[in-house]
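Colleague: pasting the sequence and the predicted coordinates here, then a few questions.
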Amino acid sequence: MKKKGKKGWFIAAAVLLILGGIVFSVYKRGGGEPDPENAVYVTSIASLTGLGSGNGMLNRFAGVVESQETWSVERNPEYTVAEIYVTAGQTVEEGTPLFIYDAEQFRQNLSQGEIDLERLEAELAGMNSTIEQLEKEKKAASSSDQASYTIQIQQQQLEKRQKEYDIKGKQAEIEKLKENIENAEVKSKIAGVVQSVNNGSGGQVAYGESDNSFIKIMKTGDFRVRGSVNESNIGDIMEGSAMLVHSRVDPDRIWTGTVTLIDRENGSSGEGYYGNSGGQSTSYPFYVDLDSSEELMLGQHVYMEVNVGQLSENENSGIWLDQYYIDESDPEAPFVWAAENGKLVKRPVTLGERDDELFKVRVLEGLAPEDYIAFPDESNEVGQAAIPMEEMTVSENDGEDGGLMAEGLMDGGMADEGMMAEGMMHGGAVG
């Protein structure tokens, strides 16, 4: 399940406490039906956890399937490309020819290189002969001329070493030219899809962003999903968050994965999540590694949401619930205040593992997404009228702040955490 900072969860808990105060204030002032003297408002498990339709409690993020591995081919700027065999979007296998250099240019350079090598070797041979001759003359020379011959021989030996160095460099150049001729046709080292071909006219691009590579290929088989999150909801996910990936074509086709990277260094202007109409903001790419990529296609467009157990049909999978909804005064008999036939009851629940960082607990048995539960309060009594939260009404005489806050929460949003926190610092609930 997703991880969030503790601060956000403390604020969320405080907001629910404020809402509880608003609810009791509303019905005590005559703002609800049935009898406000005994009514308590209840909220659906689907709304509290995001289970079910996903209609506002969880953000959905646009995404595209891409390869986890890419291979880039850089062209040699000194040589001319004679022909490009592939186009963007084309599928290639390992060993598929991608393009070919103009081998004639290699051959011309090779011929010139071989001539240069012969000249250097001839010059070296001449230097060896000169050194040999100078050494003979030195032996026959007088003592006064010996020093002069020694200097000449040393000079020739220095020039000889330089010539030997030039010859080795030319030999390496010739070997490289021969290799270029042999490998003038460049082949793919991986099986995949051609992402981009930079042919000098802006490049052809498919399935994502181009770069300065001459040809870029995405490897098939190991897929991940690249999504986009904007600055207003970047706090909804973290590296390590479990995600659900939905097909845009087949609603029954869903994959699971984990957020492995949120790239905060490469933000761009645009809309950040699926269905958002909140205007322009900075968006950041994030990446989800998939548990399985079966039936996914490279370049396929999908949407994603945080996995909080929406797909749990097996009761043993359980439902993650904020632990303050559960009365554990008797650790052997935990329960929640649930609605049954319009009345409040104590519903026993079976608990599983806990997330102490998010203050949540897994309810293994006793609750379903369609159930309604009440905020725990000392005034709750078995048999009280239980009214679904969406039926709550606020009279015109009630404070505007309370109504606006309740409306904001019902819309699935948490208006301004800073403002709400400030309100609590100055006396708690508004209205």
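Modeller: Cool, got the structure. Note that the coordinates shown come from a computational prediction; the quantities given were computed from them, not determined experimentally. Residues are numbered from 1 along each chain as shown.

Colleague: can you list the domains in this structure?
Modeller: 6-58+312-425, 62-67+222-306, 70-94+189-217, 103-182 (automatic domain parsing).

Colleague: could I get these as CSV with mean neighbour count?
Modeller: Using the backbone N, CA and C atoms, a C-beta is placed for each residue, glycine as well. Formatted as CSV, those follow (neighbours: other C-beta atoms under 10 Å):
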stretch, mean neighbour count
domain 6-58+312-425, 16
domain 62-67+222-306, 17
domain 70-94+189-217, 16
domain 103-182, 14
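
Colleague: in the stretch 251-400 of the chain, where is pLDDT below threshold?
Modeller: Scanning the stretch 251-400 of the chain with the threshold set as pLDDT under 70 gives 269-280, 309-318, 390-400.

Colleague: in it, which spans are strands?
Modeller: In the stretch 251-400 of the chain, the strands defined using DSSP state E, counting those that start in this stretch lie at 254-262, 268-270, 281-290, 301-306, 319-322, 335-340, 343-348, 350-355, 360-365, 372-374, 385-388.

Colleague: one more: the stretch 51-200 of the chain?
Modeller: Counting by DSSP E, counting those that start in this stretch, the strands of the stretch 51-200 of the chain are 61-67, 70-73, 81-84, 91-92, 97-101, 185-187, 192-197.

Colleague: nearest to I151, out of those?
Modeller: I151 lies closest, by C-beta to C-beta, to one member of the strands of the stretch 51-200 of the chain: strand 97-101, at 49.4 Å.

Colleague: what does the closest one rub up against?
Modeller: With contacts defined as C-beta atoms under 8 Å, 6 or more residues apart in numbering, strand 97-101 is touched by 73, 75-76, 79-86, 92, 180, 184-188, 214-215.

Colleague: same thing but at 7 Å, please
Modeller: Contacts to strand 97-101, defined as C-beta atoms under 7 Å, 6 or more residues apart in numbering, come from residues 73, 79-86, 180, 184-188, 215.

Colleague: tell me the confidence at T80?
Modeller: pLDDT for T80: 86.

Colleague: touching, it and E104? I think so.
Modeller: No. Counting by C-beta atoms under 7 Å, T80 does not reach E104; the two are 9.1 Å apart.

Colleague: tell me which helix or strand comes right after the helix or strand encompassing R224.
Modeller: Element membership for R224 (DSSP states H and E) is strand 223-230. Helices and strands here follow DSSP H and E; after strand 223-230, the next one along the chain is strand 242-247.

Colleague: so how far is that next one from its chain's centroid?
Modeller: Relative to its chain's centre, strand 242-247 lies at 13 Å (C-alpha atoms, centre = their mean, to the nearest Å).

Colleague: list the strands paired with that strand, with their directions.
Modeller: Counting by DSSP bridges, the strands paired with strand 242-247 are strand 254-262 (antiparallel), strand 301-306 (antiparallel).

Colleague: closest to K343 out of the ones you listed?
Modeller: strand 301-306 (33.8 Å).

Colleague: using PDB, write down the CA coordinates of that closest one.
Modeller: Extracted in PDB, the C-alpha atoms of strand 301-306 (Å, rounded to 0.1, in the frame of the first residue of the first chain):
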ATOM      1  CA  HIS A 301      -1.500   4.200 -23.000                       C
ATOM      2  CA  VAL A 302      -2.900   3.300 -19.600                       C
ATOM      3  CA  TYR A 303      -4.000   5.000 -16.400                       C
ATOM      4  CA  MET A 304      -2.800   4.200 -12.900                       C
ATOM      5  CA  GLU A 305      -4.000   4.600  -9.300                       C
ATOM      6  CA  VAL A 306      -2.500   3.800  -5.900                       C
END
